[in-house]
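Trainee: Have a look; sequence and predicted model below, questions after that.
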Amino acid sequence: MRAFAALITQLGYTRSRNAKVALIADYLRATPDPDRGWALAALTGEADFAAVKSSAVRAMAMERVDPELFRLSRDFVGDTAETVALIWPEMGTPANDLRLADAVDSFASVSRARAPTLLAEYMDQLDSDGRYALIKLATGAMRVGISARLAKTAFAQAFGVDVDAVEEVWHALAPPYASLFAWGEGGPRPDPEGTPYFRPFMLAHPLEDGTVDLADYAAEWKWDGIRIQIVRIGDQVKLFSRGGDDITAAFPDIAANMPVEGVFDGELLVRGQAQMGEAASFNALQQRLGRKTVSAKMLAEAPAFVRLYDVLIDGTEDLRLLPWHLRRARLEQRVTALPADRFDLSQIIAASDFGELGRIRDGARDAAIEGVMLKRRDSLYVPGRRVGLWYKCKRDPLTADCVMMYAQRGSGKRSSFYSDYTFGCWTEDGELVPVGKAYSGFSDTELKWLDKFVRQNTLNRFGPVREVEKSLVLEVAFDSIHESKRHKSGIAMRFPRIARLRRDKPAAEADTVAALKAFIT
Amino acid sequence: MAQTQHWIEPFPHGIYVRPADAWIDPSRPVPRALVTHGHADHARGGHGAVWATPETLAIINLRYGRYADEHAVDYGSSIELGGVRISFHPAGHVLGSAQIRLEYQGETVVVTGDFKRRPDPSCAPFELVPCDIFITEATFGLPVFRHPPTPDEIAKLLAMLHAHPQGCVLVGAYALGKAQRVIAELRDAGFEDPIYLHGALEKMCALYAEHGIDLGELRPVAGADKSELMGRIILAPPSALADRWSRRLPDPVTSMASGWMRVRARAQQRGVELPLIISDHADWDELTQTIRDVAPREVWVTHGREEALLRWCELHQVKARALALVGREDEDDA
């Protein structure tokens, strides 16, 4: 545990990507199995223990610390795990180091009721860095500035293998990755044949400026659902989200209707009654996301379907090293064998030049269209984001002028800054009601200014939240607006962010709720 | 016995001692001031008459110039103003730092200014002064603040230096107190190499040396070339860490010596790669232990995380109140 705690602490204070990779690689080489496998699982976000949640961490802390002192400390530190690690009484470091794998085994088998006690026993055996690392590991929320990709890169560097080869088999493996480490140390590459596993997605770059030659690129709609991979091998079918999470259980209507073997890439959408059976907005899809089971009523009201983009593997034939236009031809052939109510093809948009494409894009205010994709006709299917192959052009965001109403301190790096803002618009009665909350879009300099504004214009304090003088206009950008019964304003914004600070604009001239309702899709 | 609230009164800009017509650490110019120590949030310019320790007056003279009427009061000796007996006692915070003890008609008040309890080779150790009203700071008044033993932090600094021979370690340390303490602690740990200084630290280090604090060989960064600075410890004020100034250094590891370094996000916000938890303020355990040791009738809290310290007093049945003084606490000096 000491080596892992030291790694987590050092990673927290290391800025350079290469230095982070080197730290992890050194750790993976120097640490025995299965501890290093569990560490790798923690860094890639694959370690998850159902019984140990942040509520267990809080419950444990309350046993030892006055709740009011804990609350004040948590508010200052901005992170529950770190607060517990720092506030825990020091018991002196014991001679024996806790084995990471032993802690993992106990977390995996402990009951929810006993989890706080177990965690507390470990806390008593560790110093503050150890406590921090163990809580982060146990709750599965490392947030130490390491992406899963970076951890896999470190593995590849540690053992001199290709990172894309690691990615390819990664999702077929489970912690503590004994076969992966065996491969790294000279054994055979893990062979997941016969299991339906996730292949890394090919992603697109935003087309920010400039254009491309449409002779080289095919255009299709960027649908506003969730990117999905459907895998069938033998009679096993799995659905994976963009990050490789298994979401099969939430969409049995798709899983049960996939008769063809292979690996397909598409967009998961639901049909809406308001859209006459066509694709409904993301909001409708959201009702079905994140469920372990789904009711018959829901299956009937919001039936799911997949709009297919690509085929990676046809039967058992890997097509990823074929150019896009050949894969597309194969996909068009295959789709005829799929049930039409569950699968259709994402159509190619015919546009001869960029001006025409722009007009088509801007004219499309379809509920489920987010923008346009451009795919190089000869592009191979390569994992991740590669320059020059695929581009996405989103529609310009919508904007509204809103007034800051409340501010809350951020967490992590922003724990001392008021960085989360609730903003409102005017009702017909001249009342300001909240319409959304944003915590991004501004620069570090603007953040400092906003933080100062909040501190100097505080009307009331409610714990970590401050109510401010209703004087600052924020230009808020957002992707779309939906009706919402949960909000007083009756609307909810999708992906709101601060576009500009409008210090020049009087609050009374901010937008009205009625004006925002006109954007509802 | 006198009723405290009639002769000593807190205002947002300082504590007023009515019979003496004097202010303690006022944040705006007053005719008569009693000053606990030389940090900018306690010692301001523009006062008429000022009473402070000789070291504090020397520091103020160096940083802000002279007051019209200065009175040096040694630790332990006392003066009388308007029937109030006033004495200065070591606070263990920085060179010359004092707690001010006030006695009027049989009642005693101690104002700590800023203080710490643990040993510091660069100033006189804290002295426990019994009193009825204990007016304390609470900069680190949250139970998450527990400063580790200073020798452990110094060992981390030296280990980093040895692991990084082709570069240097740049330590951000406040110009008054922290910088000299870090140097003195390094000397105590047996480190004898020359230590390099940012120009803003030179004069204060010289003043400490004149007061008998042995800081060993100090050299200015100005004029030294990159190869000379390799493998060296370099001290600079925290504001210089991310400044263009640091570009002249050979591959510096950025470090900072401050009690705030206990919280990861605080270190990360400043881009600190080697946080050193070295503070000139009492940590939570020292604050609460000091209240227990002094065992006053009442605790008043001047500045810092007063809410939590008040909560602790409530849990331990100690009568306490917050004064909410303004203009205190420059983050860098913690």
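Mentor: Thanks, I have the structure now.

Trainee: And chain B, what are its domain boundaries?
Mentor: B:4-144+B:281-333, B:150-276 (automatic domain parsing).

Trainee: Can you say which of those domains is nearest to A:R227?
Mentor: Ranking the domains of chain B by proximity to A:R227 (CB to CB) places domain B:150-276 first, at 32.1 Å. Every residue, glycine included, has its C-beta placed from N, CA and C.

Trainee: ok, A:L137 - contacts?
Mentor: A:L137 makes contact with A:4, A:38, A:42, A:47, A:100, A:103-104, according to CB atoms under 8 Å, 6 or more residues apart in numbering or on different chains.

Trainee: re the thing from before, is it possible to get a markdown table of the domains of chain B that adds distance to A:M405?
Mentor: Below are the domains of chain B laid out as a markdown table (distance: least, CB to CB, whole Å):
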| stretch | distance to A:M405 |
| --- | --- |
| domain B:4-144+B:281-333 | 25 |
| domain B:150-276 | 26 |
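
Trainee: A:P323: which of those domains is closest?
Mentor: domain B:150-276 (44.9 Å).

Trainee: Show me what the mean pLDDT comes to for the closest one.
Mentor: Averaging pLDDT along domain B:150-276 gives 95.

Trainee: That domain close to chain A?
Mentor: Yes - against chain A, domain B:150-276 shows contacts by CB under 8 Å from any CB of the partner chain at B:262-269, B:271-275.

Trainee: Pull the contacting residues for whatever residue of the stretch 251-400 of chain A ends up closest to chain B.
Mentor: When scored by CB to the nearest CB, the stretch 251-400 of chain A has A:R385 as its residue closest to chain B, at 26.7 Å. A:R385 makes contacts with A:203-205, as judged by CB under 8 Å, 6+ apart.

Trainee: How about the secondary structure of whichever residue of chain A sits closest to chain B?
Mentor: Nearest residue of chain A to chain B: A:L86, at 3.8 Å (CB to the nearest CB). Using DSSP: H, G, I helix; E, B strand; the rest coil, the structure places A:L86 in helix.

Trainee: What score does the residue nearest to A:L86 when sequence neighbours are not counted have for pLDDT?
Mentor: Once flanking residues are discounted, A:L86 sits nearest to B:V144: 3.8 Å by CB to CB, 6 or more residues apart in numbering or on different chains. In this model, B:V144 is scored at 97, pLDDT.

Trainee: Please enumerate the helices of the stretch 401-521 of chain A.
Mentor: A:444-456, A:513-517 (DSSP state H, counting those that start in this stretch).

Trainee: Run through the residues of chain A sitting next to chain B.
Mentor: A:12-15, A:65-66, A:68-69, A:72-73, A:76-79, A:82-83, A:86-87, A:90, A:412-416.

Trainee: Can you name the residues that contact the residue of the stretch 101-250 of chain B found nearest chain A?
Mentor: Nearest residue of the stretch 101-250 of chain B to chain A: B:V144, at 3.8 Å (CB to the nearest CB). Going by CB under 8 Å, 6+ apart, B:V144 touches A:73, A:76-77, A:83, A:86-87, B:262-263, B:284.

Trainee: Quick check: of those, which has the highest neighbour count?
Mentor: The most crowded member of the contacts of B:V144 is A:T83, carrying 28 neighbours; neighbours defined as other CB atoms under 10 Å in any protein chain shown.

Trainee: Which of the helices or strands spans that residue?
Mentor: helix A:80-87 (DSSP states H and E).

Trainee: coming back round to it: among the residues of domain B:150-276 next to chain A, give me the pair with the biggest separation.
Mentor: B:R262 and B:G271 (17.0 Å).

Trainee: Walking through chain B, point out its helices one by one.
Mentor: In chain B, the helices defined using DSSP state H lie at B:4-7, B:54-64, B:150-163, B:178-188, B:199-210, B:226-229, B:264-269, B:284-294, B:306-315.

Trainee: mean confidence for the first one?
Mentor: Throughout helix B:4-7, pLDDT has a mean value of 75.

Trainee: Let me see the confidence value for A:G78.
Mentor: 86.

Trainee: And for it, the neighbour number?
Mentor: Residues near A:G78, counting by other CB under 10 Å, number 22.

Trainee: I'd say it and B:R264 touch.
Mentor: No - the criterion here is CB atoms under 8 Å, and A:G78 misses it with B:R264 at 9.4 Å.

Trainee: Okay, and the beta partners of the residue of the stretch 251-400 of chain A closest to chain B?
Mentor: Counting by DSSP bridges, A:R385 forms beta bridges with A:L203.

Trainee: Test for you: state the pLDDT assigned to it.
Mentor: A:R385 is given a pLDDT of 86.

Trainee: try B:D332
Mentor: 44.

Trainee: helix/strand/coil for A:V372?
Mentor: strand.

Trainee: List the residues that contact it.
Mentor: The neighbours of A:V372, taking CB under 8 Å, 6+ apart as the test, are A:219-222, A:349, A:357, A:360-361, A:392-393.

Trainee: now, which of those residues lie within helices?
Mentor: Filtering these for helices - DSSP H - leaves A:357, A:360-361.

Trainee: Which one of the residues you listed is nearest to B:R32?
Mentor: Closest approach between the ones in helices among the contacts of A:V372 and B:R32, by CB to CB: A:R361, at 74.5 Å.

Trainee: Now that closest one: closest residue in space that isn't a chain neighbour?
Mentor: Per CB to CB, 6+ apart, closest to A:R361 is A:V372, 4.9 Å.

Trainee: do A:G37 as well
Mentor: In space, A:G37 is closest to A:P176, 2.5 Å off (CB to CB, 6+ apart).

Trainee: For burial, what's the neighbour tally of A:R461?
Mentor: For A:R461, the count of nearby residues is 9 (other CB under 10 Å).
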